[in-house]
Each structure stands twice: as structure tokens, then as C-alpha cells.
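Engineer: got a predicted structure plus its sequence, pasted below:
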Amino acid sequence: MKKLHLCAVITLYLLVAGCATAPQGVGKTAATTDPEVTETAELPATPFAIDTLYDLLVGDIALTRSQFDIALPKYLQQARQTRDAGIVEMASRVASHLRDHEASLEMALLWVEIDSENPQSQSAALQAYAIEGDAINALTYASWLYQNYDDLEAFLAVTSIYEGATYKEINHDEKSALISALIAAYQQLQLPPEKQASVLLARAILHRDSAQLAESERLAKEFLVATPDDQRGLLLLAQVLHQLNRIDEAVLLIEDSLKRKPDDRKLRLQYARFLTITDRNLAISQFEILRSQDPKDQEVNFLLALLQLNQGQIEQAVALFKEAAGKPSLSADAHYHLGSIADRQGNVSAALGHYRQVRFGRNYLAAASRLTVLLATHNNVTAARQYLQRLRIEQPSQAVGLFQIESNLLISAKQPDQALSILTDGLSAFPNDTQLLYARSMVAEQQDNFALAEQDLRALIALDQNNATALNALGYTMIVHTDRRDEAHALIKRAYLLNPGDPATIDSMGWVLFQMGELEKALGHLTKAMGIMPDPEIAAHLGEVQWALGDKESAILTWTKSLEQAPGHKTIVSTMQRLGAELELEPLNPESSEPQQ
């Protein structure tokens, strides 16, 4: 029986009820005198029990009212009892709609058992196992669909199961083991010769996903030998070559394929994307070809606008961003760039209007941050804060970032006490939030409130003992605000061992060694840090160590070069003043003005 609609259930219910209560012979008389009843009586119908019909009636009524949670138990019970294909199908669909994964899998497998030649039952089982993250079992049904209905999409979709929700719950080693097992399962499939090449493609995809790029490349090439110019194979091989840092080969592969398949839009789009890395002017010409083929493809318009913006073609970029803004999924990003353009052009009103349209996405916080700066500058800080407070109500999922933006705004407005207060409010709403704890520790340190800074940083370390950033920050602030050098050194050393390439941590290590009197070791670390990241804070430290070692010429050179990049930098200037180095600077800068304060 196919899906039982409400009217069908009611009809069956009334028919059974009528037969049970009518006097003998009444039904026969009606059948001989009423053609419609005669026709109805001759329809084949499954002789369901009255309880079954009642449950189905309740379930159908619940469905018409969108009361799926009421309908599902009725359909599940009757699917198990009757094993009727139509009822099982309905139970399967309702369970899937409610995301009841256990019931979905049970009903899908029962549906396949009852109606194994139905592609919908096979698809339901495939989907149920995919949601469970069971790629091996999902492959059984995907393979059936491929062999019987040429459904290559289903066959290849199994390769992406471990990239979904289940993948996020497993570690790298577990994922690698699962992918290896799935590769083996694909190899063991018994497919007709004309379909066997697709196994090569599936294996190539899986090897790529497990970072076995050389094997993925080999299999993709073998697949293309069997099926030359196959779009999927070409795109996969190009992506693998790109991941192998052989972008020029990837470009040539797609370029050569386009000569034979000039109308293949996916190949041209990939070609244009690759060219954004190697030749942006040529990339623009390829995106323009794509746009000429389909002016309403807003993703192409958006990408072309980004390139034009990068190349300084502002008017063209603005026009295309405005078009792309019409597509909901691109609206936020398009408005963000339109706001940035208007902002740079000094059109505050237009910038505010566009930034307000960024209601989601990766640029949401950046837009909110810039908008509040504009409000504070052209209106007042109170207006900007009120706007952020409204956003926190409208977008509670973004509240943590919005608290930080308000804190930064208050610091810029020279209201650090208020900044500390707003971060405290944030932590009241989101206790133990790592971003807010770190932000408050930094503001507290700037306020010389080392006790609060230490409290927040230790809370961070308690949440994650391997938080190298927090370990380094606590160690460094301890040097600045206390004489607990040994403890600071231990903290910074832990951070250094966890993240030995971080210039900020290397700088801290150099500075704590300097404080402990190990000048030569300090010099080595600070020189290394400065080489990685020429930062004025590091320069101030390096110069002081050089000065302490008696190499005043190198110290002045270090400070001078850094001041050229960051004129008047507070830490460098205060360090030089403390060491009495201002007079040493004058011969090197005979045309300089009065000493900076």
C-alpha cells in the first residue's frame, strides 16, 4: 500500500465500521443498487484491523496539523505490526523529518526488507547510515543505486561521510582508520567492468581526504586514462596538484581541458579560481567570460567584484557587489565590502547603511566593530554602545565578540574602567569564556591590576593547561608587575616548549632571562624574535639588552630603525629616556626635532 492519505484512511475506516454494524444483507442490497458502492467494494484493500486504522487516522490528522511528534509513534507502531510498505515509508519519512536517527534507520532497513527493488527505500537506508556516520554500511546501498540506477552521485557521496558531523567527533587517527576501511570496502565491490573505473575515483577522493596526496594523484590519473576528460576526475586531479604546491601544473591541466571542453562551466570556474593565485588579470578575464555566459550567477559576480576591488577597479566592483547582494547567501559579505568602500571614500552615511546589512557571516563582527567606530566618531560613544547592546539582544550567538568590541571602543575612548566593567558583565553572562577572560586580563594588566590579570589568566590555564598564549601572558605580566622571576621563567618556558616558533613567546623568554641576569642567552632569544617579527616592543627589549652588554651603537641602531616604522613608540622612547640614550641619538639624527615625549 502506498501513502495513506487522510481521506483514504477515513474511507477504509468507514467501510470496516459499516460492515461490522450493518444488518445482514444490507451491504449486498446497496451493492446491487448503487454503482459507486459496487465500484468501491471491488477495490483491493488490505484488511487492516480496526486498531490499525484508528492509529493511522490519528497519525494522518496529526500530520495535517504538523504534529509530527504525535504522528511518528502511531506510524512506527503500525509499521512494525503490519509491515506494509506504504506505512513503513510514511514512518521513515516522518522519522527523518524529526531527525529521530534511530527510528529513521530502523524504518529504512525495514522498508528495504519489504520493498528491496524500490530506489527510494535504498536511498533512505543510505541516508540513515550516512547520518549515523557508518560509511561502510552506507556503501552497500549506494552501490546498489549505482549498479541499478546509474546514481554516481550517491556512489561518490559516501566518500564525504567522514567529513560531516561524525568526523568532528573523532580524532585524526580514528578518521584515518575509518577512511582506510572504506577504501578497502570500495576495492572489494563487485561492479560491472564499465562501472569499475568509478572505484578509482572514489579511492582517489578518500586518499586526498586522508592527506595521501601522491596516491590520490596516481589513482586520479589512472581514472582519467579509463575515462578521459571526465570533469570530476580533472577537477580532483587539479585540486590534488594544488595541494602538492604544483599550482602551475594544475593550471595547465585545466587550461588544456578547456581547449577540448570550452563550454564546461565548472572547469572554467576552477581555472579562474586558480588564476587568482598566479595571474589576477587573466583571472578577471575568465570570470568575465563566466559572467557573459550567465550574468545572474551571483557567486561569479561576487568573486569578480573581489578581484576588481583588489585591482583598484572600484566602480566595476561596486556594481557587481550590489548585484551579488541580492542573493541571500552572499548579501552579508557583499554589503560588508560595499560598506568598506564607502568608508574609505568618506561616505559615512552609505558605509553605515551597508554595515547595518551585515547580519551574519564571517564579516559580522568586523562590520559591527567598524560601524561602532563611525558612530562614536560622528555621533558619540553612547550611541555606539547602545547600538552594540541592541545587537547583543538581536544576535545572542555573537554576544561574546560584541562585548569585546564594546571594550575596545571604550579603551579607544580612554575609558578603561568602563572597558573592564563591560568585560566583567560579559563574564557574568558567559562564565569561563576564554576570549573574555583573556581580554579582561589584558585590560586589567594595562590598568596595573595584576591581581585580576593573574586571576583570569590562571582561570584560562585551569581550563587548558597547554594554553601557550595564557602561559606566556601570565609569565610576562609577572615579570612586569612582580619580582617573581623564577615563577615567571617557569611559565614562559612551558609556553616556549609548547610553541617554540612564536615570536612573542621568544621575546618573553629573552626578557625574563635578561631580568635573571643571563644577558647573552637573552640576546640570542631577542635577536631571534626580532628576526621573525620586527616589532617595536621586541626592539625595545633587544636594544636594552644590547645597551646592557655595552654595545650602545647596536642598541641605538635597533631603536632608530624601529622608530622609523613606529615613530614615537611609547616603549622605545621610555626605554631610551630611562637609560639616558636621547643624547646618543642626536648625532645619528642631526635634523631631528625636539625629543619626543
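Structural biologist: Nice, I can see it.
Engineer: for the rest of this, base every contact and every neighbour count on C-alpha atoms.
Structural biologist: Will do.
Engineer: check what pLDDT the residue nearest the centre of the chain gets.
Structural biologist: The structure's the chain has its C-alpha centroid closest to residue 362; by CA atoms, centre = their mean the separation is 9.0 Å. According to the prediction, residue 362 has pLDDT 94.
Engineer: tell me the SS of residue 501?
Structural biologist: Under DSSP: H, G, I helix; E, B strand; the rest coil, the three-state class of residue 501 is coil.
Engineer: next, count neighbours for it.
Structural biologist: 13 (other CA atoms under 10 Å).
Engineer: torsion angles phi and psi at it?
Structural biologist: Residue 501 adopts backbone torsions of phi -100, psi 0, taken as degrees, to the nearest 10.
Engineer: gap between it and residue 509?
Structural biologist: In this structure, residue 501 and residue 509 are 12 Å apart, going by CA to CA, to the nearest Å.
Engineer: ditto for residue 542
Structural biologist: From residue 542 to residue 509 the distance is 12 Å (CA to CA).
Engineer: what do you get for residue 138?
Structural biologist: According to CA to CA, residue 138 and residue 509 sit 53 Å apart.
Engineer: what does residue 187 give?
Structural biologist: Separation of residue 187 from residue 509 (CA to CA) stands at 53 Å.
Engineer: which of those two has more neighbours?
Structural biologist: residue 509 (28 against 15).
Engineer: look at the more buried one and give its secondary structure.
Structural biologist: Under three-state DSSP, residue 509 comes out as helix.
Engineer: ok, and the closest non-adjacent residue to it?
Structural biologist: residue 492 (6.2 Å; CA to CA, 6 or more residues apart in numbering).
Engineer: and residue 91, by the same measure?
Structural biologist: In space, residue 91 is closest to residue 75, 5.1 Å off (CA to CA, 6+ apart).
Engineer: check which helix or strand the one you found maps to.
Structural biologist: Using DSSP states H and E, residue 75 maps to helix 68-82.
Engineer: and residue 111, by the same measure?
Structural biologist: Assigned by DSSP H and E, residue 111 falls within helix 101-114.
Engineer: residues in contact with that helix?
Structural biologist: The contact list for helix 101-114, computed with CA atoms under 8 Å, 6 or more residues apart in numbering, reads 76, 79, 83-85, 88-89, 91-93, 95-96, 118, 121-122, 124-125, 128-129, 131-132.
Engineer: residues of it that come out buried?
Structural biologist: In terms of neighbour count (16 or more other CA atoms under 10 Å), helix 101-114 has its buried residues at 101, 103, 104, 105, 106, 107, 108, 109, 110, 111, 112.
Engineer: likewise for stretch 84-97?
Structural biologist: For stretch 84-97, burial by neighbour count (16+ other CA under 10 Å) applies to 84-96.
Engineer: what about stretch 309-326, average pLDDT?
Structural biologist: 96.
Engineer: contacting residues around that stretch?
Structural biologist: 298-299, 301-302, 304-308, 330-335, 337-338, 341.
Engineer: stretch 151-160: end-to-end distance?
Structural biologist: End-to-end span of stretch 151-160 (CA to CA): 16 Å.
Engineer: so where's the stretch 101-250 of the chain uncertain?
Structural biologist: In the predicted model of the stretch 101-250 of the chain, residues 164-170 satisfy pLDDT under 70.
Engineer: which stretches of it form helices?
Structural biologist: Assigned by DSSP state H, counting those that start in this stretch, the helices in the stretch 101-250 of the chain fall at 101-114, 119-132, 135-149, 152-157, 172-187, 197-209, 213-226, 231-243, 247-260.
Engineer: with only the CA atoms kept, save stretch 566-579 in CSV.
Structural biologist: Only the C-alpha atoms of stretch 566-579 are listed here, as CSV (Å, rounded to 0.1, in the frame of the first residue of the first chain):
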residue,chain,number,x,y,z
ALA,A,566,56.7,53.3,14.5
PRO,A,567,57.5,57.0,15.2
GLY,A,568,57.3,58.0,18.9
HIS,A,569,56.6,54.4,20.1
LYS,A,570,56.0,54.7,23.8
THR,A,571,58.0,51.7,25.0
ILE,A,572,61.1,52.5,22.9
VAL,A,573,61.0,56.2,23.9
SER,A,574,60.6,55.5,27.6
THR,A,575,63.3,52.9,27.5
MET,A,576,65.7,55.3,25.9
GLN,A,577,64.8,58.0,28.4
ARG,A,578,65.3,55.7,31.3
LEU,A,579,68.7,54.6,30.0
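Engineer: buried ones in the helix or strand where the residue nearest to residue 509 lies?
Structural biologist: Using DSSP H and E, residue 492 sits within helix 485-498. By 16+ other CA under 10 Å, the buried positions in helix 485-498 come out as 485, 488, 489, 490, 491, 492, 493, 494, 495, 496, 498.
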